[in-house]
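What would the 3D arrangement of this be:
(chains A and B)
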Amino acid sequence: DAGITQSPRHKVTETGTPVTLRCHQTENHRYMYWYRQDPGHGLRLIHYSYGVKDTDKGEVSDGYSVSRSKTEDFLLTLESATSSQTSVYFCAISADLRTVNTEAFFGQGTRLTVV
Amino acid sequence: GIQVEQSPPDLILQEGANSTLRCNFSDSVNNLQWFHQNPWGQLINLFYIPSGTKQNGRLSATTVATERYSLLYISSSQTTDSGVYFCAGGIQGAQKLVFGQGTRLTINP
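Numbers count the residues shown, from 1 in each chain, chains lettered A, B, ... in the order given. Next up is the predicted model:
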C-alpha cells in the first residue's frame, strides 16, 4: 500500500472556526492532491501541488487554501468552516510526469462535520 | 475540462453473475484508472489502464482511448465485490484526475 496518512480521520467543528487537515506521504512523490466526496458528486478536486511551494486550484477551491512546505506534507485549510464544507476529504499522490506510471493513490479519508 | 460518465449508476446482481461497467470520457485522456470504494469508504486501486487490456483475477479492464471509453468486467461476482466503482481520467500534462459519478454494485447472496 502507498504510504499516505491523513489526519485527523474524523473531526467535528463549529461554523466559523478554522480547520486544517494534514496529508503525509512516505513515497517521495511530486504530486499531491486534495479531493472532497459528496453524495451525488463523486470526487471533486479542491487543490493540488506539483512541488514544494507549488500549488494550483481545482474545480471547487473556494473557501480552501493549501500549503506544501515539504515534499511529504500537504495541508488543507478551511479558513472559516461552513456547513457546506461538511464532506469526506481525500488526499492523493502520484509520481512525476516524467515517469512511465502516473497512477494516483489515495489516503483513507477524513470525515469532517461542520455544525 | 473533460467529462467522465459512468453507466449504469446502479447494478444489483446475484452472487456468481458477471457484470460490465462502462466509463465514457468527453476528450482524449491518457491517465485512466478504476477504483473500488468499499463499504468503509476506502478507495482501492483496481487498474491503471490508459490503453489496452489488463486482468487481475476475476477482474479485467479494457480502455479504447481512440473511442474514449473504458470497460470494467467482473466475473463470478462475490458479495465482497459490493461497493461503488469509480473511473477517473486525466490529461497528461495536468495530472488532475476527473472522476465519474460511480456505479453502485450490490451483490446479493
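
any low-confidence regions in the chain?
Here I'm looking at chain A. Applying pLDDT under 70 to chain A flags the ranges A:1-2, A:96-101.

my bad, chain B
Filtered on pLDDT under 70, chain B yields the residue ranges B:92-95.

Show me which residues of it sit near chain A.
By Cβ under 8 Å from any Cβ of the partner chain, the residues of chain B that approach chain A are B:1, B:31, B:33, B:35, B:41-43, B:45, B:48, B:86, B:88, B:90, B:92-93, B:95-102. Every C-beta, even on glycine, is put in place using the N, C-alpha and C of the backbone.

how does it look with 7 Å?
Listed as neighbours of chain A in chain B under the rule Cβ under 7 Å from any Cβ of the partner chain: B:31, B:33, B:41-43, B:45, B:48, B:86, B:95-97, B:99-102.

Just the buried subset of those residues, please.
Neighbour-count burial (16 or more other Cβ atoms under 10 Å in any protein chain shown) applied to the residues of chain B next to chain A gives B:31, B:33, B:43, B:48, B:86, B:95-97, B:99-102.

Output those in CSV; the columns should cover secondary structure.
Shown next, in CSV, are these (DSSP: H, G, I helix; E, B strand; the rest coil):
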residue, secondary structure
B:Asn31, strand
B:Gln33, strand
B:Leu43, strand
B:Tyr48, strand
B:Phe86, strand
B:Gln95, coil
B:Lys96, coil
B:Leu97, coil
B:Phe99, strand
B:Gly100, coil
B:Gln101, coil
B:Gly102, coil
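
tell me which of those is nearest to A:His41?
Nearest to A:His41 out of those is B:Gln101 (Cβ to Cβ; 7.5 Å).

How about that closest one, nearest residue that isn't a chain neighbour?
A:Gly42 (4.8 Å; Cβ to Cβ, 6 or more residues apart in numbering or on different chains).
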